[in-house]
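J.: Need the 3D shape of this:
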Amino acid sequence: MEEMKKVANEQFDWNAYENDLGVYNQPREEIAEAYDKTLSNVAVGEVVEGTVTGISKREVIVNIGYKSEGIVPISEFRYNPDLQVGDKVEVYVESAEDRSGQLSLSHKKARQLKSWDRVNEALEKDEIIKGYIKCRTKGGMIVDVFGIEAFLPGSQIDVKPIRDYDVYVDKTMEFKVVKINQEFRNVVVSHKALIEAELEAQKQVIMSKLEKGQILEGTVKNITSYGVFVDLGGVDGLIHITDLSWGRVNHPEEIVQLDQKIQVVILDFDDQKKRIALGLKQLSAHPWEALDQNLKVGDRIAGRVVVMADYGAFVEIAPGVEGLIHVSEMSWSQHLRSAQEFMKVGDEVEAVILTLDRDERKMSLGIKQLTPDPWEGIEAKYPVGTRTMARVRNFTNFGVFVEIEEGIDGLIHISDLSWTKKVKHPGEFTQIGAPIEVVVLEIDKDNRRLSLGHKQLEENPWNEFENQFSVDSVHEGTITEMTDKGAVVSLGENVEGFAPTRHLTKEDGSMPVVGEKLPFRVIEFSKATKRITLSHTRVYEEVRRAEKNAEKADKKAAAEATKSSVKKINASVEKTTLGDIAGLAQLKDAMEAAAKAQKAEKSEE
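T.: Numbering: from 1, shown residues only. Alright, predicted model coming up:
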């Protein structure tokens, strides 16, 4: 039965049947020709305009007037999420029919063929275009614009800083072309440029309504180390770090957070520069106004060290209320020291109020006042004549500063270091940090100074030296130092003398050297100035003088003896007679001898 039906269908003349029914009264060829005339002639490789007739999850159906409709992947329309049926789109004809007899179209290729012209046209006309953000890249995003990969800098995405770039990927947004490099075909687009014009208009409106002291609500837009930027609804204002809180603020993040809604007060604004200075702390009363009215000078308070400097420490006794402890108020000691030696930031300290000025909002504090002043009762503790130990703190050309105890200093004058040694600089006698025994000589309580001595620990040896080193006494000494004016001579363990240069020449005419031992004669002794003047030349000069004196004495004695003999002879002559010739001869010889002796004595003189 089925085979009979199949044969009947194959033998049936459908054209004759249709003609008999009056369906077609023209030949089939003519009808086909007329139908073809109603269709557009499609050339492969052309860009034509079509109409969207259908949209599915994967494809877009486009009618370009051909006998069959074309299919375009919907991924090629990612840049235009608002695509609807009826929209006109440009497509590139890849082939009239594919393997399934379907018209093959490409919207992406159509865009690419005209993309460069479209991009340049958009830049010239300042046109707003749509683009699809494909992915992130270094410094910004890659945007599909007319099939061209354009660069969207991070700073051009929005007017506010972007913290998360990934939220923009796979989004379609409106852009403006802001720059084109014709040589390298690089395109830069901006979304920020679209909203800046609107924001500028908003800024003008907002700025015109601003008044100093006005309180507004804003959103924390950006936080920097120096302050906080707040969005006031189209215009930004800055809260400087010093206007965030009455207290110390190390970083604004301690006070506010990003995207936080806060109330601010307008402190100042500049219409020309569009700058607005905001304040947050001004919305609350100053802490000094809430400070306990019963606080007064002399009271003890507790606080926390918030800032350190070489000259002192700032202590916060309440948020926004600080006092300064100067380094001089940290210890009774007079020595210059750094505040860091006493405390550090974060320390909880107790102090005494020294000054309090509520009008100027200033307070000075001290911590040394928590301990007794060591100078109170100093006369009873260290009366004149007291012997005690001290520590060397500092040198000067005129003496040594020592510390007896914390806060009690004294000066040993260079002349009070030794009775006998000539000290040119204290460094020759002691060293910094070394202990030294002293005697209290004088107390100056007003200036907090003690006059101290070291040599007074021993009896003044110059009382004994006065007898030991009397003028013209001779002593053996050792030359310890040579100067332009003479030599320093050691006369023993604790005594020195000075020999001028003209008194140093030795008997052979040479000069002595350091370390040489020689006899010295004391030519001057001064107990008041503690000075012994010596001479080596006087030693051998005195010996010579003594020898000459002895020789003169001998000669004088001989002359006296001769005179005595002459007198005796003369006396005896008077008793003799002229006839005694022998007697006359002896008298003559004696007179001649006496005359020679007198002549010789005169020549020596």
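
J.: Only C-alpha atoms from now on, for both contacts and neighbour counts.
T.: Fine.

J.: Need the pLDDT of the residue positioned nearest the centre of the chain.
T.: Residue closest to the mean C-alpha point of the chain, counted by Cα atoms, centre = their mean, is residue 309 at 12.0 Å. On the pLDDT scale, residue 309 is placed at 87.

J.: How about the one 3 residues further on?
T.: Model confidence at residue 312, given as pLDDT, is 90.

J.: And residue 123, by the same measure?
T.: The model reports residue 123 with a pLDDT of 87.

J.: Low-confidence ranges, the stretch 251-400 of the chain, go.
T.: Across the stretch 251-400 of the chain, the ranges flagged by pLDDT under 70 are 271-274, 335-336.

J.: hmm, 80 instead?
T.: 270-274, 290, 333-337 (pLDDT under 80).

J.: would you list every one of the helices in it?
T.: Per DSSP state H, counting those that start in this stretch, the stretch 251-400 of the chain carries helices over the ranges 378-381.

J.: The stretch 401-550 of the chain now?
T.: Under DSSP H, counting those that start in this stretch, the stretch 401-550 of the chain gives helices at 462-468, 537-575.

J.: hang on, the earlier thing: contacting residues for the spatially closest residue to the residue nearest to the centre of the chain that is not a sequence neighbour?
T.: Spatial nearest neighbour of residue 309, excluding adjacent residues (Cα to Cα, 6 or more residues apart in numbering): residue 339 at 6.7 Å. Contacts for residue 339 were tallied using Cα atoms under 8 Å, 6 or more residues apart in numbering; they are 308-313, 326-327, 330.

J.: Selection in ChimeraX covering whichever of the residues you listed are buried, please.
T.: What follows is the ChimeraX syntax for the buried subset of the contacts of residue 339, where burial is set by 16 or more other Cα atoms under 10 Å:
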select :308,312,313,326,327,330
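
J.: What count of nearby residues applies to the residue lying closest to residue 403 once chain neighbours are set aside?
T.: Leaving aside its sequence neighbours, residue 403 sits nearest to residue 409 (Cα to Cα, 6+ apart; 4.4 Å). Residue 409 has 22 neighbouring residues, counting by other Cα atoms under 10 Å.

J.: hang on, residue 409 packs against residue 332?
T.: No - here residue 409 lies out of contact with residue 332, judged by Cα atoms under 8 Å, at a distance of 10.2 Å.

J.: For stretch 312-319, buried residues please.
T.: For stretch 312-319, by 16+ other Cα under 10 Å, it's 312-318.

J.: Residue 405 reaches residue 390, doesn't it?
T.: Yes - between residue 405 and residue 390 a contact is recorded at 7.4 Å, counting by Cα under 8 Å.

J.: So between the two, which is more surrounded?
T.: Ranked by neighbour count (other Cα under 10 Å), residue 405 and residue 390 place residue 390 first, with 21 against 12.

J.: per-residue confidence at the nearest residue to that one once chain neighbours are set aside?
T.: Of all residues not flanking residue 390 in the chain, residue 404 sits nearest, at 4.4 Å (Cα to Cα, 6+ apart). With respect to pLDDT, residue 404 scores 85.
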